[in-house]
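# Any chance you could fold what I've pasted below:
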Amino acid sequence: MKKTVLLLFLMATVTVYGQKKNADTVEKEKITKLLDEWHAAAGRADFNAYFGKLTENSIFIGTDATENWNKKQFEAFSKPYFDKGKAWNFKALERNIFLSDDGKMAWFDELLDTQMKICRGSGVLEKINGKWMIRHYVLSTTVPNDVIDEVIKVKTPIEDKLIETLKKK
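Here you go, the predicted model:
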């Protein structure tokens, strides 16, 4: 009897774990599709498709230290690029996606092939009314360690001024 109960318990545990794993896989596939479509919308300069994937209270942080925008600010910055029919064209080279235990939030990091060469994107998504939306996105350029000293030399005169301004706030 004890062996039967133990066997049934183990089978139920494996079944529940398998269902959770499969559900996570499905959600990660949905997120992958959303992010791929989001990047592709920018490549097509499809303003509505691109910004329609961001929550109304989303934040976009760009590669420049001054680029920390809410959705309205990011739309205003981006609109001229989209209107010219040439925004940016990012393609994922690698992506890692993680889900919260309750399945309502996700976060990710990705390496991107861009006109700036390899960039890193990371962000947070929220499931709203059953649909994944981008709530926070950070785009960063990558700098190979072998050339960081050269990059610092180029950045120093520009960013020293910004550092002083930010320290005064």
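# any idea how far D24 is from A49?
Between A49 and D24 the computed distance is 26 Å (CB to CB, to the nearest Å). C-beta coordinates here come from the backbone N, C-alpha and C atoms, glycine included.
# centroid residue for the chain?
Centrality entry for the chain: nearest residue to the mean C-alpha point is G123, 3.4 Å, by CA atoms, centre = their mean.
# how about the helix or strand hosting that residue as PDB, C-alpha atoms only?
Assessed by DSSP states H and E, G123 sits inside strand 117-128. What follows is strand 117-128 as a C-alpha-only set of coordinates in PDB (Å, rounded to 0.1, in the frame of the first residue of the first chain):
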ATOM      1  CA  LYS A 117      27.300  46.100 -33.900                       C
ATOM      2  CA  ILE A 118      26.500  44.000 -30.900                       C
ATOM      3  CA  CYS A 119      24.200  45.600 -28.400                       C
ATOM      4  CA  ARG A 120      22.600  44.200 -25.200                       C
ATOM      5  CA  GLY A 121      18.900  44.700 -24.500                       C
ATOM      6  CA  SER A 122      17.200  43.800 -21.200                       C
ATOM      7  CA  GLY A 123      13.800  44.400 -20.000                       C
ATOM      8  CA  VAL A 124      10.700  43.600 -18.000                       C
ATOM      9  CA  LEU A 125       7.400  42.500 -19.400                       C
ATOM     10  CA  GLU A 126       4.000  42.400 -17.700                       C
ATOM     11  CA  LYS A 127       1.100  40.200 -18.600                       C
ATOM     12  CA  ILE A 128      -1.900  42.500 -18.900                       C
END
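# Tell me which strands that strand pairs with, and in which orientation.
Under the criterion DSSP bridges, strand 117-128 sits next to strand 105-114 (antiparallel), strand 131-141 (antiparallel) in its sheet.
# Which one, of those strands, ends up nearest to V154?
Within these, the stretch nearest V154 is strand 131-141; the backing value is 12.1 Å (CB to CB).
# shaky segments in this protein?
Counting by pLDDT under 70, the low-confidence segments of the chain come to 1-21.
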